[in-house]
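S.K.: Fold the stuff below for me.
(one chain, ligands or ions: 1)
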Amino acid sequence: MTSKREEARERGALLDEKDMVDGAVAADAAPADPAPDEESEVPTDAATTARRLWEAAAGQRWRVVVAAASAVAYVCFSLAAPAYSAGLVDLLWANIQEAFAAGTGFVVTLDNGGTQILTFLGIWTAAWVFYTVQSLVMASFAERLNLGLRRQISAKVGRLPLSYYDAHQPGDTISRATNDLDKVSEVLQRGLLQLLISVVTLVGATIMMARYNLALTGVFLVFAVASFVLTKVVSARTLVYASERQASLGRLTGKVEEAYSGRAVIKSFGRDDASAAEIAEAAEAFARTSERMDFVTNAISPAIRFLTRLAQVGIGLLAGGMLVAGQLTVGVFQAFFQYVTQATEPLTQLSLTVNQLQGALAAAERVFRLLDEPEVEPDPAEPLRPAEPVRGQVAFEHVRFGYDPARPLMHDVSLVAEPGQKVAIVGATGAGKTTLINLLMRFYEVDGGRITLDGVDTRQMTRADLRRQFGMVLQDAWLFEGSIAQNIAYGHPGATREEVEAAARAAHVDFFVRTLPQGYDTQISNDGENISQGQRQLLTIARAMLCDPAILILDEATSSVDTRTEQAIVRAMEAIMENRTSFVIAHRLSTIVDADLILVMDHGTIIEQGTHAELLAAGGTYAELYRSQFA
Ligand SMILES: Nc1ncnc2c1ncn2[C@@H]1O[C@H](COP(=O)(O)OP(=O)(O)OP(=O)(O)O)[C@@H](O)[C@H]1O
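M.R.: Next up is the predicted model:
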């Protein structure tokens, strides 16, 4: 949607020059920083978030159970392999020595160690199979959970009130359905079971070591505790740096987005250099935080590896002595080393995996926060409908409203638009013209009083029923990617080509469409950038024509179109208003002198209402405005 500032910039006669400049400068200076706690890497309530994720996984939980069982089986087989290899190596060693003593060569057969070698291979194959099963099952679990959450988000955004969108950047909401869910999925796939595997491996390998030799295990444990403490300290720093990096990335993308969307304003105010400098500064900050983050994460693994190598050297020296003294066999010696290697791997992983899990829980928490946002009031269970055909009588009865309930904007607005009347709304920028329409369409709910359509309170109708009675033609003519015919038929997808063309003719846009090489099949790209502002508006008039609504809301032609197009728009609007109640947000008083009712708004309230002649005779604000424009 075009921003208020852009709309204000485009408007003509009633626009205050100073507001326009202020608005544009404000656009330039608007902060785009995300709220710092929005992208936190630490969940505020990990237990609740984990429980909710578990609840969200209803129907999929068996997958976690299967994956966890497979993971444990994988660890058991991996731990069994070195122990089995100890016996195998000793057996082979004994057989080799025996063969040498007998002066015969040694050839492996099924009887002298071959069966054991095959069994050993079988153990590793089983470990590999279980690892593959857990990866596959966990991947499908994570993606299905994600799909469910993504569906919930997609349904949720339709139920969020517009006030939510006023208070949140679009990027934030999109980020919930993309980055955050991706993070949850990735960590669930790799992190969750990795944690289980790490813990079970560490404990299991240590027990196996202890079965062989307590002294050597003691040496290992000393180094293990030292590595664990080191990773803990480093991972705490990583969390801080990760949050800083995330925040600086948010600032950088915010600045780039701002520079992109505001490029015209930035250029018109000659602020290119300032904007580029801000981006460069944000990029510099991002590079600095990334550098710190990368250094810490990259430095930790070699540091831990150094410690584990020290452990291996220490254990090697000790175990070598024991081997020579005959306290250890060769098989046990090598098996012990395999356990040391198996147990040190989780040590480097553990703290970082915990960090990742925390980050994923924080991401999931943000997703749940979005899902918990208050929704629009549900439609009534037994909705009312105005009698068909809808006549189009609209009444505001003592309406009270404020975007922020603490700061009321409309105090007591009453008006009646009789069927078929043309109602013009005038007032300076920010007077509340759009707000009146927002309430009429129930984009926002009134705080007091009521609005009726043909005598039925609009809150007793479903929003869809209510909005079906309205056609809106806004200055911000929204077109989507598709053909011109599809764009015209947007509110009436089943319309035939003849109906589309008839609507286009009535909206005086048929001639223009026919000049295009592909006519009605011309594709509109990138929000209609290949179509001029005036033509876009004519297309949206044709769109409204095709729906044939009882009531029309028109935002009058802008001053940004040429006189011929403007005349076409005025003619099209006159045609579409015929025999319908219409609300016209007027920017030029010349076009509304024939209105049946003129509402003059100021500070959210209707300060005068009547016909042109009545208001002129009253000699109030309208009369003054009219004289200032036509004096
Ligand atoms: N979504 C919103 N959230 C909070 N305040 C808003 C919102 N939209 C408008 N306002 C405020 O409500 C008041 C009336 O705004 P409104 O958009 O109705 O004026 P308008 O007469 O249509 O102005 P313009 O001619 O510039 O479009 C203004 O003070 C505006 O700042």
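S.K.: Now the most centrally placed residue in the chain: which helix or strand?
M.R.: For the chain, Ile174 is the residue whose C-alpha lies nearest the centre (C-alpha atoms, centre = their mean; 1.7 Å). Following DSSP states H and E, one finds Ile174 within helix 170-175.
S.K.: what do you get for Phe396?
M.R.: Element membership of Phe396, judged by DSSP H and E, is strand 394-401.
S.K.: list the buried ones in stretch 290-308?
M.R.: For stretch 290-308, a neighbour-count test (16 or more other C-beta atoms under 10 Å) marks 292-293, 296-297, 300, 304, 307-308 as buried. Heads up, the C-betas are built off the backbone N, CA and C, glycines and all.
S.K.: So which of these belong to strands?
M.R.: Per DSSP state E, strands hold no members of those.
S.K.: Out of the residues you listed, list just those in helices.
M.R.: 292-293, 296-297, 300, 304, 307-308 (DSSP state H).
S.K.: how many other residues sit next to Ala177?
M.R.: 19 (other C-beta atoms under 10 Å).
S.K.: I figured it hits Ile153, correct?
M.R.: Yes: using C-beta atoms under 8 Å, Ala177 is in contact with Ile153, at 4.8 Å.
S.K.: element containing the residue in the stretch 101-250 of the chain that the ligand sits nearest to?
M.R.: The ligand sits closest to Asp166 of the stretch 101-250 of the chain, with a gap of 4.1 Å, by C-beta to the nearest ligand atom. Asp166 is part of helix 162-167, with elements assigned from DSSP H and E.
S.K.: thinking in terms of the whole chain, how far from its middle is the strand holding Phe396?
M.R.: Taking the mean of its C-alpha atoms, strand 394-401 sits 36 Å from the chain's own mean (C-alpha atoms, centre = their mean, to the nearest Å).
S.K.: and if you look at stretch 377-391?
M.R.: In terms of C-alpha atoms, centre = their mean, the centre of stretch 377-391 is set 33 Å apart from its chain centre.
S.K.: I'd like to check what contacts it. Which residues are they?
M.R.: 419, 445, 453-457, 459-465, 469, 550-551 (C-beta atoms under 8 Å, 6 or more residues apart in numbering).
S.K.: re the thing from before, of all the residues in the helix holding Asp166, which ones are buried?
M.R.: The neighbour-count check on helix 162-167 (16+ other C-beta under 10 Å) flags Tyr164 as buried.
S.K.: Would you pull up how far that helix lies from the middle of the chain?
M.R.: 14 Å.
S.K.: and what of stretch 46-57?
M.R.: Between the centre of stretch 46-57 and the centre of its chain there are 20 Å (C-alpha atoms, centre = their mean).
S.K.: same check, this time on stretch 509-523
M.R.: Relative to its chain's centre, stretch 509-523 lies at 36 Å (C-alpha atoms, centre = their mean).
S.K.: And it, end to end?
M.R.: End-to-end distance for stretch 509-523, by C-alpha to C-alpha, to the nearest Å: 16 Å.
S.K.: circling back to that earlier point, please identify the buried residues of the helix holding Ile174?
M.R.: Residues 172-173, 175 are the ones in helix 170-175 that count as buried (16+ other C-beta under 10 Å).
S.K.: for that helix, packing partners?
M.R.: Helix 170-175 sits against helix 214-261, with contacts defined as 3 or more C-beta pairs under 8 Å, 6 or more residues apart in numbering; DSSP states H and E.
S.K.: Tell me which helix or strand comes right after the helix it packs on.
M.R.: Beyond helix 214-261 on the C-terminal side, the first helix or strand identified by DSSP H and E is helix 263-268.
S.K.: I'd like the average pLDDT over that following helix.
M.R.: Helix 263-268 shows a mean pLDDT of 87.
S.K.: Could I have the CA atoms of that helix written out in PDB?
M.R.: Extracted C-alpha coordinates of helix 263-268, given in PDB (Å, rounded to 0.1, in the frame of the first residue of the first chain):
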ATOM      1  CA  ARG A 263      14.700   6.200  -3.900                       C
ATOM      2  CA  ALA A 264      12.600   8.900  -5.700                       C
ATOM      3  CA  VAL A 265      12.300  11.100  -2.500                       C
ATOM      4  CA  ILE A 266      16.000  10.500  -1.700                       C
ATOM      5  CA  LYS A 267      17.000  11.700  -5.100                       C
ATOM      6  CA  SER A 268      14.600  14.600  -5.200                       C
END
